[in-house]
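**Q** Following is a predicted model, sequence given first.
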Amino acid sequence: MYRYDEFDHDLVRERVAEFTDQVARRLSGELTEDQFKPLRLMNGVYLQLHAYMLRIAIPYGTLSSRQMRRLAHLARTYDRDYGHFTTRQNLQFHWTKLAEVPKMLAELAEVEMHCIQTSGNCIRNVTADHFAGASADEIADPRPYAEILRQWSSLHPEFSLLPRKFKLAVIGAPKDRAAIQVHDIGLEVKRNEAGELGFAVWVGGGQGRTPMIAKKVRDFLPEADLIAYMEAILRIYNQQGRRDNKFKARIKILVHEMGEEEIKSAIEREFAAIDKSNLQLPRDAVERIERYFAPPAFDTRFNGAPAFERARETDKEFASFVARNVHPHKMPGYAIVTVSLKPIGGTPGDMTSAQMDAVADITEQYSFDEVRVSHEQNLVLPHVKLEDLPAVYARLHAADLATANYGLVTDIICCPGLDYCSLANARSIPIAQRLSERFADPVRQSDIGDLKIKISGCINACGHHHVGHIGILGVDRKGEEFYQITLGGSGDETCSIGEIVGKGFSSEGVIDAVETIVDTYLKLRESPREDFLTAYRRVGEAPFQEALYAHAA
Amino acid sequence: MPIFKGHSFIDNEWTLVGDDAPMPPGNAVVSKARFTAERNALAARNAPLGLILRSGETLDGLEDDLKRFSLIVLDIPKYTDGRAYSTARLLRERYEYLGELRASGDVLRDQIMFLHRVGFNSFDVTHEGTIAALRDGKIRLVRKHYQPAAREDEESAPEPRPWLRVSPRGVPGDALDMGIDGGGI
């Protein structure tokens, strides 16, 4: 993991001092709420429906046990004993008091954490593949680049007052687990024919009210040019992005309006003109960052895992946990474990302080002191020995964290919605909870197979509904909550935006509608191996529309 | 309105001239439109010339003229408008403009360091709180940076990461007595 040196510590301490001063000015009345707003937003403090919300940056979703314990401590001390993991791999506390925020920031700074740029019209927390450094299909670890980008973008003097927020994601494998094609900039680490490291670069993807899939603007950008190229893209966006209409201000609109060829040549022109002398990324500097992410000291003498095999044969629940939540690791004898934060009937992404402490203990003892937050609002233990899996499972089970539903119909992504968020038009959490209860039967879930449901409580699409296999969008229709369904979206390397299937449903009707869609899929699939998305792409919307609306016509 | 430059407020020695107004004697600031239309006549004038760019106006078409200006003013109509920050860096880094670069408009005190780092060296600020903070030297600044900008002449580059920069003491509005460098929180 990355570790702060004195420089990093000083920078964050200076920033906490600056924000402490700003909070004091707000509390004394020197600053109005209006004047304070841009300052608090730069530090991750939102004013929500009931209280201030603090959003903590978890760069590329990576945490140590010490950091996880500190989050548990903050939940207990300053909030209502729980926190909420988000689709940006961050953590939100929804019930904070403004006067206590400086203390929280100081406590975070002690464990090398902060809230810088978790909101505001700046470059947001950089996300990455949550299987980084562990998955077998990796070309190179994306985290060193994500860390370099985190540093470069932090308090950037030119790019902190952009037309709108700006999100970067980095992957290091051909399999896209970070949804890079729906980001403002998506980067895929790859090697060219000469074996040199570099990036494929996508620009202009995004969700919100105008979902767009990013355009690939470079097939191979040499590693050394990463920062200069990012500056070229950001400068064009800062100067030419629309500022007249908040809803047309993201770079995806600029890319769309300029067209693919024009934006490409504009970026290349600016990149050619930039003085790169102080922006080059030397290999030795990258290597210095890479060392922080060196593989842990794996036990290389793998010779079978008898306790694991025995447990899998004798414990059915453990076996189904392994089948769903355990993924292949690049190192023989190890596995990647998903810790589902989607218990049946629960709030997706929520975690109590006791659960955080439990995961911190497991992380420390069984996963080389590393745990990840996934953009699908789950946690990931990246490096667990197969032979330790029964013990890890038992510990997770004791903490109510052993739900074996990764990637299944109840592994739902969901924004906080109208229960918390002042932007929302409709509640999303109760929909997720009722869907989860409707499909609770593990046999039925397993029969349905891979299916991603994603729910947003408004058009801003924080719940990523556009890339849900089944997407649900809450809207307000004359004071009543209404839900629109989209089908066929996907955030992976085959990225697609879901299509609206027809008119919306009431909060009662939407649960039945999803069940109708699932039952329709079960009837039309060619075999149990044809998952929902594949089947949808084969048959299109028609059979689903027919099932949903035919009897109403 | 007095201008903040260096460490204090000084009188504004420049007159902003409307597009249709007669050119006054002495220091005069004109718009891009007027400069473009009257390029030769303005060049023949025997007094310092300044340029003001409204937000959204670019340097396009002015590249060869920038060295004629003793002052370039970039208008910031609202503190959330970041376009001038890019223009400033282009002026300093790409076109090697060495004259006075003034940020004019709605600037919050918390933006002074950003403005300084992209190359501004004078401030014509409308925000009362910012004016007071500048006058009283009460601005808390983050002095350590994760990226080079337009202050390579004065910022140091500590080892080992090549992108790190540290501002010296004494940038505009600096709260010199707060001891932030000593971890004063």
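**A** Okay, I see it.

**Q** Look up how far residue A:37 lies from residue A:249.
**A** Noted for residue A:249: a distance of 17 Å to residue A:37, by Cβ to Cβ, to the nearest Å. Quick note: C-beta positions are derived from backbone N, CA and C, even for glycine.

**Q** which ones are touching residue 62?
**A** Unless you meant another one, I'm taking chain A. If a contact means Cβ atoms under 8 Å, 6 or more residues apart in numbering or on different chains, then residue A:62 has A:1, A:2, A:143, A:370, A:371, A:372, A:373 as its contacts.

**Q** could you do chain B instead?
**A** Going by Cβ under 8 Å, 6+ apart, residue B:62 touches B:32, B:35, B:36, B:51.

**Q** Considering the contacts of residue A:62, which member attains the minimum pLDDT?
**A** Least confident of these in the model: residue A:1, at 92.

**Q** I'd say that one and residue A:291 touch.
**A** No. Using Cβ atoms under 8 Å, residue A:1 is not in contact with residue A:291, being 11.1 Å away.

**Q** Neighbour count for those two, which is higher?
**A** residue A:1 (17 against 10; other Cβ atoms under 10 Å in any protein chain shown).

**Q** Pull out the buried positions in stretch A:328-335.
**A** By neighbour count on 16 or more other Cβ atoms under 10 Å in any protein chain shown, the buried set for stretch A:328-335 is A:329, A:330, A:331, A:333, A:334, A:335.

**Q** do stretch A:162-174 as well
**A** Across stretch A:162-174, burial judged by 16+ other Cβ under 10 Å covers A:162, A:163, A:164, A:165, A:166, A:167, A:168, A:169, A:170, A:171, A:172, A:173.

**Q** Identify the residues contacting the last one.
**A** Taking Cβ under 8 Å, 6+ apart as the criterion, residue A:173 is in contact with A:129, A:131, A:135, A:137, A:138, A:139.

**Q** Identify the residues contacting the residue positioned nearest the centre of chain B.
**A** By Cα atoms, centre = their mean, the mean C-alpha position of chain B lies nearest to residue B:120, the distance being 2.4 Å. Each residue near residue B:120 by Cβ under 8 Å, 6+ apart is listed here: B:74, B:88, B:101, B:102, B:103.

**Q** quick check, residue A:103 in a strand?
**A** No. Looking at residue A:103 with DSSP: H, G, I helix; E, B strand; the rest coil, it is helix, so not inside a strand.

**Q** Could you check the pLDDT of it?
**A** You'll see residue A:103 listed with a pLDDT of 95.

**Q** and it, how far is that from chain B?
**A** Residue A:103 sits 11 Å away from chain B, going by Cβ to the nearest Cβ, to the nearest Å.

**Q** For that residue, which non-adjacent residue is closest in space?
**A** Distances taken as Cβ to Cβ, 6 or more residues apart in numbering or on different chains place residue A:78 nearest to residue A:103, at 7.6 Å, with adjacent residues excluded.

**Q** which residues in chain B form helices?
**A** B:32-37, B:39-44, B:83-89, B:112-118, B:128-136 (DSSP state H).

**Q** Point out where chain A drops to low pLDDT.
**A** Residue ranges of chain A with pLDDT under 70: A:552-553.

**Q** Now it against chain B: closest residue?
**A** Here chain A gets closest to chain B at one residue, residue A:161, 2.9 Å apart by Cβ to the nearest Cβ.

**Q** For chain A, what is the nearest residue in chain B?
**A** Residue nearest to chain A within chain B: residue B:82 (2.9 Å; Cβ to the nearest Cβ).

**Q** In contact with the spatially closest residue to that residue that is not a sequence neighbour, which residues?
**A** Spatial nearest neighbour of residue B:82, excluding adjacent residues (Cβ to Cβ, 6+ apart): residue A:161 at 2.9 Å. Residues in contact with residue A:161 (Cβ under 8 Å, 6+ apart) are A:121, A:122, B:79, B:80, B:81, B:82, B:85, B:111, B:114.

**Q** Scan those residues and report the most crowded one.
**A** residue B:85 (31 neighbours).

**Q** That one against residue A:238, yeah?
**A** Yes. Using Cβ under 8 Å, residue B:85 is in contact with residue A:238, at 7.2 Å.

**Q** Between those two, which contacts overlap?
**A** With Cβ under 8 Å, 6+ apart as the test, residue B:85 and residue A:238 both reach A:158, A:159.

**Q** which residues does residue B:150 contact?
**A** Counting by Cβ under 8 Å, 6+ apart, residue B:150 touches B:88, B:89, B:92, B:93, B:117, B:118, B:119.

**Q** quick revisit: next, format the helices of chain B as TSV and append mean pLDDT and distance to residue A:471.
**A** Converted to TSV, the helices of chain B look like this (pLDDT from 0 to 100; distance: least, Cβ to Cβ, whole Å):
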stretch	mean pLDDT	distance to residue A:471
helix B:32-37	97	47
helix B:39-44	91	56
helix B:83-89	98	35
helix B:112-118	95	38
helix B:128-136	89	45
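
**Q** Could you point out which residue ranges in chain B have low pLDDT?
**A** B:173-185.

**Q** ok, 90 please
**A** By pLDDT under 90, the low-scoring segments of chain B are B:1, B:6-7, B:43-44, B:108-110, B:127-130, B:132-133, B:136-143, B:159, B:169-185.

**Q** for it, what's the longest strand?
**A** strand B:69-76 (DSSP state E).

**Q** residue ranges for the strands of chain B, please.
**A** Applying DSSP E to chain B gives strands spanning B:3-5, B:8-10, B:15-16, B:28-31, B:49-53, B:69-76, B:100-105, B:122-125, B:144-145, B:165-166.

**Q** export those strands to TSV and tack on distance to chain A and mean neighbour count?
**A** Compiled in TSV, the strands of chain B are given as follows (distance: least, Cβ to the nearest Cβ, whole Å; neighbours: other Cβ atoms under 10 Å in any protein chain shown):
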stretch	distance to chain A	mean neighbour count
strand B:3-5	18	19
strand B:8-10	20	13
strand B:15-16	24	15
strand B:28-31	19	20
strand B:49-53	12	22
strand B:69-76	9	22
strand B:100-105	12	22
strand B:122-125	14	22
strand B:144-145	4	24
strand B:165-166	8	18
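
**Q** These into TSV, with extra columns for distance to residue A:399?
**A** Formatted as TSV, those follow (distance: least, Cβ to Cβ, whole Å):
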stretch	distance to residue A:399
strand B:3-5	57
strand B:8-10	61
strand B:15-16	67
strand B:28-31	66
strand B:49-53	59
strand B:69-76	52
strand B:100-105	53
strand B:122-125	54
strand B:144-145	39
strand B:165-166	45
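
**Q** what's the closest of those to residue A:194?
**A** Between residue A:194 and the strands of chain B, the shortest gap by Cβ to Cβ is with strand B:165-166, which sits at 32.8 Å.

**Q** now the residue nearest the centre of chain A, what's its secondary structure?
**A** The geometric centre of chain A, computed from its C-alpha atoms, lies nearest to residue A:375 (Cα atoms, centre = their mean), at 2.3 Å. Under three-state DSSP, residue A:375 falls in the coil class.

**Q** repeat for residue A:264
**A** Here residue A:264 is recorded as helix under three-state DSSP.

**Q** Identify the residues contacting it.
**A** Applying Cβ under 8 Å, 6+ apart, the residues contacting residue A:264 are A:215, A:217.

**Q** mind running it again at 10 Å?
**A** Residues in contact with residue A:264, defined by Cβ atoms under 10 Å, 6 or more residues apart in numbering or on different chains, are A:203, A:215, A:216, A:217, A:218, A:255, A:258.

**Q** got JSON lines for the residues you listed, with neighbour count too?
**A** Below are the contacts of residue A:264 laid out as JSON lines (neighbours: other Cβ atoms under 10 Å in any protein chain shown):
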{"residue": "A:203", "neighbour count": "24"}
{"residue": "A:215", "neighbour count": "19"}
{"residue": "A:216", "neighbour count": "14"}
{"residue": "A:217", "neighbour count": "22"}
{"residue": "A:218", "neighbour count": "19"}
{"residue": "A:255", "neighbour count": "28"}
{"residue": "A:258", "neighbour count": "16"}
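
**Q** Among these, name the ones in helices.
**A** Using DSSP H, A:255, A:258 are the members of the contacts of residue A:264 that sit in helices.

**Q** Nothing else from me, thank you.
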